[in-house]
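Undergrad: only geometry, no sequence info:
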């Protein structure tokens, strides 16, 4: 089974609210949504962002949009107004998630 980066089958957007990054992952085609739903779990996202995300990762399914939404708690070092991180608003987190690999049947 071939492995591809998420960027090949999805696009993403990210932002923040306080110390929580928000990443939306949207399937490029309706048939790709099942791959995202089955393989891009909260646990895998947590592992992908190890060292960055210190809190829980929540996943929400949005099937009518062919999308998943993730909240990465405690991942912005306090948030944009207090953090010294280069990306204290989580704007690059979508690009980082798109580097994750999945199996494509």
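TA: Right, received. Where do you want to start? In this text, all values refer to a predicted model and were calculated from it rather than measured experimentally. Residues are numbered from 1 along each chain as shown.
Undergrad: For this structure, which segments are assigned as helices?
TA: In the chain, helices defined by DSSP state H lie at 33-39, 42-48, 93-97, listed in chain order.
Undergrad: Residue 77 reaches residue 19, doesn't it?
TA: Yes - under the criterion of CB atoms under 8 Å, residue 77 makes contact with residue 19 at 7.3 Å. No exception for glycine: its C-beta is placed from N, CA and C like everyone else's.
Undergrad: of those two, who's got more company?
TA: When residue 77 and residue 19 are compared for neighbours, residue 19 comes out ahead with 20 against 15, by other CB atoms under 10 Å.
Undergrad: what's the neighbour count on the closest residue to residue 102 other than its chain neighbours?
TA: In space, and not counting its chain neighbours, residue 102 is closest to residue 39: 4.5 Å by CB to CB, 6 or more residues apart in numbering. Counted with other CB under 10 Å, residues neighbouring residue 39 total 14.
Undergrad: mind checking pLDDT for residue 39?
TA: If you check residue 39, the pLDDT there is 98.
Undergrad: From residue 17, how far out is it?
TA: Counting by CB to CB, to the nearest Å, the gap from residue 39 to residue 17 is 26 Å.
Undergrad: Which stretches in the chain count as strands?
TA: 3-5, 10-17, 20-27, 57-62, 67-72, 101-103 (DSSP state E).
Undergrad: Need the ones you listed in JSON lines (columns: distance to residue 95, mean neighbour count and mean pLDDT).
TA: Output for the strands of the chain, formatted as JSON lines (distance: least, CB to CB, whole Å; neighbours: other CB atoms under 10 Å; pLDDT from 0 to 100):
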{"stretch": "strand 3-5", "distance to residue 95": "11", "mean neighbour count": "11", "mean pLDDT": "97"}
{"stretch": "strand 10-17", "distance to residue 95": "7", "mean neighbour count": "18", "mean pLDDT": "91"}
{"stretch": "strand 20-27", "distance to residue 95": "10", "mean neighbour count": "22", "mean pLDDT": "95"}
{"stretch": "strand 57-62", "distance to residue 95": "17", "mean neighbour count": "15", "mean pLDDT": "98"}
{"stretch": "strand 67-72", "distance to residue 95": "14", "mean neighbour count": "22", "mean pLDDT": "97"}
{"stretch": "strand 101-103", "distance to residue 95": "15", "mean neighbour count": "15", "mean pLDDT": "98"}
